[in-house]
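# Sequence and predicted structure, then a few things I'm wondering about:
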Amino acid sequence: MDTSYSCEDVCEAPAKPIGENGGDFEAVLVDGCLGFGVGVGNAALILVAALCASPGLVHGSVVAVSMALVAAVALRAGQLACDALQSGAGRRATLAVQTIASLAAMGALGFGLPLAAASLAGVGVVATAFLYGRFLERLARRALMLVFDLAFMYVGVMLLVLSQMGFWYAYAMLFVAVALCAALSLLFSRKPYRYSDLVGAEDSKRRSIKVKGNNHTLLMLGFMLGGSLLAFFLGYPPDVALVALGASVGLAGIFSLLLEQTDERTYKEALKKSPAFAAALLLLPLPAVPSEVQLGLVCLYTCFVSLNVIVLLNAVVETSRFDMISPVWLFGQEGSVFFAGIFAGGVLFSVGGLASEGSPSALYATCVTAAVVCAWMQIRVNYQIYPFEPVIETGLDDETRAHLEYEGQRKTLWQQKRAIACERYGLSPREREILQILLKGRDAKYITDTFYISQSTAKTHIYNIYRKFGIHSRQELLDFIEDIEVPADEEASGGLSEQVSASSAL
């Protein structure tokens with residue numbers, strides 16, 4: 001399989017995003033919301049059903065952390081087998097694994113094997129992500145947000161409904177949902193969607209952003225999500241815990257949908273900077289308040305963490321699209337870290353919850369430990385110092401400004417040189433956007449505000465451009481572009497007009 005990446009792939013106008021117009025409504029609804037969203041939601045519902053079917057809290061805790069561990073391992077394995085999974089045979093194998101794992105999970109649940117059911121559900125959710133990855137990265141921004149919002153709302157509503165039904169009635173309802181998703185996935189695999197060219201593992205690794213703050217974010221949110229297990233250790237019947245968690249997750253989807261109508265950057269920035277504060281505010285009072293208040297605090301905590309997870313999922317898919325990274329490779333890398341966080345959080349909160357039955361102080365120790373861990377990771381998220389930060393200059397001297405004020409023919413030649421540089425050094429679409437902004441004299445802060453990304457991510461993009469060009473400062477960037485030689489025939493005839501247009505569009 002040829003997964004090489006060429007200049008022509010970069011300059012070719014991308015296919016129109018799915019969901020930008022009303023004609024794509026069916027694709028977004030059927031394949032996005034029902035196929036992917038309900039498929040992922042079903043895995044979460046199988047996990048909760050397995051928890052409720054477990055003979056005790058100890059067994060239930062093992063079930064929960066086992067699913068996280070299986071998913072993390074499966075994601076990492078998928079990343080290693082990225083090229084194989086993206087081939088035609090690989091996609092067919094992924095579809096088969098998703099269908100078999102989901103149906104087998106329901107079979108294990110019916111035969112009273114909750115550990116096997118949860119583990120198979122973990123494999124199923126990973127296969128679903130890999131199967132729909134390229135479709136998700138083709139979705140328009142608003143359509144992608146809608147898919148994740150509705151997935152969380154689906155889980156919330158189903159938890160509320162299933163908690164009021166007997167086991168076999170709930171089982172039958174969930175089995176129908178799983179079978180429906182299997183059928184939709186089969187139909188989806190046969191649809192002729194126009195995807196971007198395949199990106200191999202080597203190219204994906206080369207283009208990936210290696211910022212420690214990203215891993216800290218994934219670990220922190222996964223770790224915090226594991227804290228939702230506390231709802232099962234507060235002494236309430238399982239159906240009450242299900243109602244509480246269902247309301248929390250469903251409201252998170254609704255709140256996300258509403259917040260997207262406001263200033264998107266403001267609320268996302270607020271969410272990014274407040275997880276550790278929210279963990280301390282909602283977890284530390286738990287041992288000192290009545291059980292009713294404890295459940296309410298856990299619900300608020302779960303809702304807040306779910307909101308952050310929705311933002312995180314959107315960000316991972318956006319990264320795959322803009323940096324031209326294989327979704328299989330990126331989902332494997334980022335998802336394995338996230339589920340490792342869920343595993344760690346699940347272990348801590350399960351041990352603390354079990355120990356609190358005999359020693360109330362154990363719950364306090366667990367909450368304090370969780371708050372400290374979240375605070376430590378939050379510091380890394382907010383104040384991650386990029387190792388090459390000194391090369392990112394914020395000011396502009398007179399000579400630089402002079403370079404940026406050229407007009408007329410000089411501007412056209414400058415665009416041609418920029419297009420040649422983008423082609424020659426393999427800049428990703430997002431790096432092309434940022435290069436254009438840098439050449440206008442903007443800094444990392446402007447890039448952060450424009451693309452709704454963290455400052456460390458913006459600086460990483462800038463550093464990647466500098467690294468590819470072999471330069472270390474803004475002035476060297478300008479000199480580098482200035483020194484690009486344009487072939488005489490292209491300079492005279494505008495032979496790079498198509499490339500320039502594509503670069504400008506980016």
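Thanks, I have it. Numbers count the residues shown, from 1 in each chain.
# Point out where this protein drops to low pLDDT.
Regions of the chain meeting the criterion pLDDT under 70 cover residues 1-16, 21-23, 196-197, 209-213, 382-412, 414, 452, 488-506.
# Figure out the helix or strand that the closest residue to residue 162 other than its chain neighbours lives in.
Counting by CB to CB, 6 or more residues apart in numbering, residue 162 lies nearest to residue 170, which is 4.3 Å off, once chain neighbours are set aside. All C-beta spots, glycine's among them, are computed from the backbone N, C-alpha and C. Element membership of residue 170 [criterion: DSSP states H and E] is helix 167-189.
# Quick check: next helix or strand after that helix?
Heading C-terminal from helix 167-189, the first helix or strand you meet, by DSSP H and E, is helix 201-207.
# That following helix: what's the following helix or strand?
helix 212-225.
# And the contacts of that following helix?
For helix 212-225, contacts defined as CB atoms under 8 Å, 6 or more residues apart in numbering pick out 68, 272, 275-276, 279, 301, 305-306, 308-309, 312, 334, 337-345, 348, 370, 373-374, 377-378, 380-381, 384, 454, 456-457.
# Give me the subset of the residues you listed lying in helices.
Among the contacts of helix 212-225, the ones falling in helices (DSSP state H) are 68, 272, 275-276, 279, 301, 305-306, 308-309, 312, 334, 337-345, 348, 370, 373-374, 377-378, 380-381, 456-457.
# Please, a PyMOL command that selects the buried ones among these?
Listed next is the PyMOL selection for buried residues among those, using 16 or more other CB atoms under 10 Å:
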select buried, resi 68+272+275+276+279+301+305+306+308+309+312+334+337+338+339+340+341+342+343+344+345+348+370+373+374+377+378+380+381+456+457
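# Pull the number of nearby residues for the residue lying closest to residue 361 once chain neighbours are set aside.
Excluding its sequence neighbours, the residue lying closest to residue 361 (CB to CB, 6+ apart) is residue 287, at 7.5 Å. When neighbours are counted by other CB atoms under 10 Å, residue 287 registers 17.
# if I pick residue 287, what's in contact with it?
356, 360, 361, 363, 364, 367.
# switch the cut-off to 7 Å
360, 363, 364, 367 (CB atoms under 7 Å, 6 or more residues apart in numbering).
# Give me the buried subset of the residues you listed.
Buried subset of these (neighbour count, 16+ other CB under 10 Å): 363, 364, 367.
# list the helices and strands the helix or strand hosting the last one packs on?
When you say that, I think you mean residue 367. For residue 367, the element it lies in under DSSP H and E is helix 360-383. Judged by 3 or more CB pairs under 7 Å, 6 or more residues apart in numbering; DSSP states H and E, helix 360-383 is in contact with helix 212-225, helix 275-283, helix 327-355.
# Which other helices and strands does the longest one contact?
Based on contacts counted as 3+ CB pairs under 7 Å, 6+ apart, the elements that helix 327-355 packs against are helix 57-80, helix 82-85, helix 114-138, helix 201-207, helix 212-225, helix 291-322, helix 360-383.
# one step back: can you check what angle separates the helix holding residue 170 from helix 114-138?
30 degrees (axes from the mean of the first three to the mean of the last three CA atoms, to 10 degrees).
# Can you show me the CA trace of stretch 279-287 as CSV?
Provided in CSV are the C-alpha atoms of stretch 279-287 (Å, rounded to 0.1, in the frame of the first residue of the first chain):
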residue,chain,number,x,y,z
ALA,A,279,-11.6,18.7,41.2
ALA,A,280,-10.6,20.4,44.5
LEU,A,281,-13.9,22.3,44.8
LEU,A,282,-16.1,19.2,44.2
LEU,A,283,-14.1,16.4,45.6
LEU,A,284,-12.5,17.7,48.8
PRO,A,285,-15.8,18.4,50.6
LEU,A,286,-17.1,14.9,49.9
PRO,A,287,-16.2,13.2,53.2
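# Please identify the buried residues of it?
279, 280, 282, 283, 286, 287.
# isn't residue 241 right up against residue 231?
Yes: Residue 241 is in contact with residue 231 according to CB atoms under 7 Å; the separation is 4.4 Å.
# how about stretch 38-46 as CSV, C-alpha atoms only?
C-alpha atoms of stretch 38-46 as CSV (Å, rounded to 0.1, in the frame of the first residue of the first chain):
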residue,chain,number,x,y,z
VAL,A,38,-24.6,5.6,19.1
GLY,A,39,-21.9,2.9,18.5
VAL,A,40,-19.5,4.6,21.0
GLY,A,41,-22.4,5.3,23.4
ASN,A,42,-23.4,1.6,23.3
ALA,A,43,-19.9,0.6,24.5
ALA,A,44,-20.3,3.0,27.5
LEU,A,45,-23.8,1.5,28.2
ILE,A,46,-22.4,-2.1,28.1
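# Look up how far residue 68 lies from the closest residue to residue 64 other than its chain neighbours.
Excluding the flanking residues, the one nearest residue 64 by CB to CB, 6+ apart is residue 346, at 5.1 Å. To residue 68, residue 346 is 6 Å away according to CB to CB, to the nearest Å.
# Next: residue 230.
Distance from residue 230 to residue 68, by CB to CB: 16 Å.
# same question, residue 247
Residue 247 is 23 Å from residue 68, by CB to CB.
# Equivalent analysis for residue 294, please.
24 Å.
# Among the buried ones among the contacts of residue 287, which one sits closest to residue 76?
Closest to residue 76 out of the buried ones among the contacts of residue 287 is residue 367 (30.4 Å), distances taken as CB to CB.
# Would you check that that closest one makes contact with residue 285?
No: in this structure, residue 367 is not within contact of residue 285 by CB under 7 Å, at 8.5 Å.
# How about the contacts made by residue 98?
Counting by CB under 7 Å, 6+ apart, residue 98 touches 124, 127, 128, 131, 185.
# If we use 8 Å, what do you get?
If you count contacts by CB under 8 Å, 6+ apart, residue 98 has them with 39, 124, 127, 128, 131, 182, 185.
# hang on, the earlier thing: anything in contact with each of residue 241 and residue 231?
residue 295.
# coming back round to it: can you add distance to residue 461 and give the buried ones among the contacts of residue 287 back as JSON lines?
Converted to JSON lines, the buried ones among the contacts of residue 287 look like this (distance: CB to CB, whole Å):
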{"residue": "363", "distance to residue 461": "43"}
{"residue": "364", "distance to residue 461": "43"}
{"residue": "367", "distance to residue 461": "38"}
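# nearest to residue 30, of the residues you listed?
Out of the buried ones among the contacts of residue 287, the member with the shortest distance to residue 30 (by CB to CB) is residue 367, at 43.1 Å.
# residues contacting the nearest residue to that closest one once chain neighbours are set aside?
Spatially, and ignoring its direct neighbours in sequence, residue 367 is nearest to residue 283 (4.2 Å; CB to CB, 6+ apart). Shown in contact with residue 283 (CB under 8 Å, 6+ apart): 227, 297, 301, 367, 370, 371.
# Residue 284 is in contact with the second one, correct?
To tie it back to what came earlier, the one meant is residue 297. No: if you go by CB atoms under 8 Å, residue 297 and residue 284 don't touch, sitting 9.6 Å apart.
# Please name the residues that touch residue 336.
72, 73, 75, 76, 79.
# and those as JSON lines, adding distance to residue 24 and neighbour count?
Compiled in JSON lines, the contacts of residue 336 are given as follows (distance: CB to CB, whole Å; neighbours: other CB atoms under 10 Å):
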{"residue": "72", "distance to residue 24": "33", "neighbour count": "23"}
{"residue": "73", "distance to residue 24": "35", "neighbour count": "16"}
{"residue": "75", "distance to residue 24": "29", "neighbour count": "26"}
{"residue": "76", "distance to residue 24": "33", "neighbour count": "18"}
{"residue": "79", "distance to residue 24": "30", "neighbour count": "23"}
